[in-house]
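Enquirer: I need the structure of the sequence given here:
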Amino acid sequence: MAAHAQNRTAAIIGGGVIGGGWAARFLLMGWDVRVFDPDPEAGRKVGEVLDNARRSLPGLSDVALPEEGTLTFHDTISDCVAGAEWIQESVPERLELKRKVYQTIQEHCAPDAIIGSSTSGFKPSELQGCATRPGQIVVTHPFNPVYLLPLIELVPSDINAPEDVERAKGVLTAIGCYPLHVRKEIDAHIADRFLEAVWREALWLIKDGIATTEEIDNAIRYGFGLRWAQMGLFETYRIAGGEAGMRHFIAQFGPCLSWPWTKLMDVPELTDELTNQIADQSDAQSGMHTIRELERIRDNNLVTMMRGLKAQKWGAGALLNDQDRRIDQLPETLDDVADLSAPIVTVARAVPLDWTDYNGHMNEARYLQAFGDATDKFMAMVGCDADYIATGGSYFTAETHIRHIDEVHAGARIRVETQVLLGAGKKMHLFHRMFEGDRLLATGEHMLIHVSLETRKASEPGPTVAAPLSRVAEAQAALPRPEGAGAAVGVR
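Expert: Next up, the predicted model:
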């Protein structure tokens with residue numbers, strides 16, 4: 001593939017997990033990427049990271065990403081960095097190795113190229129020690145996976161020109177990252193110091209026989225990890241302080257710092273000066289919101305994240321799925337249905353916060369999701385369940401018609417009642433009605449065709465599905481044809 005003449009160019013020195021992530025981030029944001037790594041397997045490894053990035057990163061955006069750049073591999077650092085605007089060093093964490101790499105890079109790169117280091121621990125002044133042009137080198141520490149997580153700790157030293165720091169911020173922002181400007185050099189920067197503190201405490205908990213690795217992970221992913229993911233540390237604690245705010249939180253929980261709750265007991269004294277500094281910064285960060293507003297923002301974020309985890313059957317989402325199974329009162333099979341001659345309830349739930357749109361009511365796509373869930377439930381009830389699908393048969397939706405009749409808002413308890421209009425041969429024709437109480441909200445009409453998953457063509461269903469489906473169709477044959485069934489858009 002020919003290089004795009006208009007593309008900017010990044011050079012990646014070191015094609016491991018982090019270097020491969022950087023390559024994927026730049027490439028999918030429209031940059032041409034040049035990679036150097038002496039590992040003969042580097043091409044395969046970077047390619048596999050790139051495959052993961054291609055399937056995940058574009059879905060974060062609601063607009064099309066730039067056209068993907070061109071990826072090339074180079075046998076020498078000198079060839080790799082030629083013409084590069086940004087050079088990202090991701091070699092192993094050995095200072096002497098990094099300094100040697102910088103010497104080679106600077107012999108052959110443009111004098112105004114930015115050289116960023118992925119180091120998780122070294123300060124920029126240490127990296128710059130033997131450099132020809134020390135002001136060209138900054139720390140740009142990412143988090144894995146680099147192609148998904150936006151945080152980049154941008155750490156300059158006193159000799160980095162402010163305009164170069166701003167230029168680095170511009171590049172990182174342009175590829176979808178958040179450059180956190182660390183204004184003072186410190187070992188391990190900011191984020192890794194938190195991780196190291198948690199890691200050290202976790203090691204003690206395991207050594208003392210208090211918790212296992214899984215129990216420690218569960219403490220994080222089922223609790224404060226979710227809060228931190230959307231509000232961080234101080235905004236979370238601001239809410240904990242209630243209407244009295246951050247000063248009240250510090251007054252209430254500050255004494256805990258002197259209690260033996262942790263092995264890490266070297267803590268600063270909570271003087272009035274430090275308390276005021278924290279409270280003032282918290283006011284600047286979050287003071288535009290009342291506590292009640294922050295609570296609602298927090299709840300919206302938590303619901304959205306936890307429901308996303310439900311779809312992946314992971315972490316707190318897996319717990320929610322287990323709870324759903326425990327409390328679900330819908331029939332599992334046709335034998336659990338009291339009266340097959342009446343429409344069958346296939347969905348009973350509340351409208352979640354993340355199902356609403358800018359008009360404050362349920363998004364039209366979620367009506368389709370609810371009706372799709374109703375179809376899936378009915379399919380399972382007539383025997384087209386996971387076990388049947390594993391044998392190679394299933395139903396594909398051929399046509400759908402939804403009528404939006406009334407509004408529904410977050411928190412409303414809705415139910416879907418399903419009527420079979422046709423259940424014979426390869427066809428399954430369903431009509432769903434959505435209610436809140438007695439109020440009709442919407443209808444969904446769906447024509448499904450049974451297919452062979454091997455040929456992807458229409459096929460007759462197996463007897464374990466055909467017979468139960470026919471049983472329901474015959475039982476409901478006497479029901480009146482629903483209003484709106486067979487209607488086209490705009491036709492009354």
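Enquirer: pretty sure Phe431 is in a strand, no?
Expert: Yes. Counting by DSSP: H, G, I helix; E, B strand; the rest coil, Phe431 is part of a strand.
Enquirer: for the stretch 351-492 of the chain, which spans come out with low pLDDT?
Expert: Applying pLDDT under 70 to the stretch 351-492 of the chain flags residues 491-492.
Enquirer: so where do the strands sit in it?
Expert: 393-404, 413-424, 427-436, 439-452, 457-458 (DSSP state E, counting those that start in this stretch).
Enquirer: tell me the contacts of Asp385?
Expert: The neighbours of Asp385, taking CB atoms under 8 Å, 6 or more residues apart in numbering as the test, are Met379. Where you see a C-beta, it was placed from the backbone N, CA and C, and this is true even at glycine.
Enquirer: For Ala398, see how far away it is.
Expert: Going from Asp385 to Ala398 by CB to CB, to the nearest Å gives 21 Å.
Enquirer: With Leu148 instead?
Expert: Leu148 is 36 Å from Ala398, by CB to CB.
Enquirer: do the same with Asp112
Expert: Distance from Asp112 to Ala398, by CB to CB: 59 Å.
Enquirer: Compare these two (neighbour count), which wins?
Expert: Ala398 (14 against 10; other CB atoms under 10 Å).
Enquirer: hang on, isn't Gln128 packed against Thr119?
Expert: No. The criterion here is CB atoms under 8 Å, and Gln128 misses it with Thr119 at 11.9 Å.
Enquirer: sec struct for Leu57, please.
Expert: Note that with three-state DSSP, the state of Leu57 is helix.
Enquirer: All the strands of the stretch 1-150 of the chain, residue numbers only.
Expert: Applying DSSP E, counting those that start in this stretch to the stretch 1-150 of the chain gives strands spanning 9-13, 32-36, 71-74, 86-89, 114-117, 137-141.
Enquirer: Need the residues that contact stretch 78-89.
Expert: In this structure, residues lying in contact with stretch 78-89 by CB under 8 Å, 6+ apart are 8-14, 19, 22, 26, 31, 34-36, 74, 98, 101-102, 104-105, 107-110, 113-118, 140, 171.
Enquirer: average pLDDT for it?
Expert: Averaging pLDDT along stretch 78-89 gives 97.
Enquirer: Output that stretch as PDB - backbone C-alpha positions only.
Expert: Only the C-alpha atoms of stretch 78-89 are listed here, as PDB (Å, rounded to 0.1, in the frame of the first residue of the first chain):
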ATOM      1  CA  SER A  78      18.200   5.400  11.500                       C
ATOM      2  CA  ASP A  79      15.800   4.300   8.700                       C
ATOM      3  CA  CYS A  80      12.800   4.200  11.000                       C
ATOM      4  CA  VAL A  81      13.000   7.700  12.400                       C
ATOM      5  CA  ALA A  82      13.700   9.400   9.000                       C
ATOM      6  CA  GLY A  83      11.000  12.000   8.400                       C
ATOM      7  CA  ALA A  84       9.100  11.200  11.600                       C
ATOM      8  CA  GLU A  85       7.400  14.100  13.400                       C
ATOM      9  CA  TRP A  86       6.800  12.000  16.600                       C
ATOM     10  CA  ILE A  87       9.200   9.300  17.800                       C
ATOM     11  CA  GLN A  88       7.900   7.000  20.600                       C
ATOM     12  CA  GLU A  89      10.500   5.000  22.500                       C
END
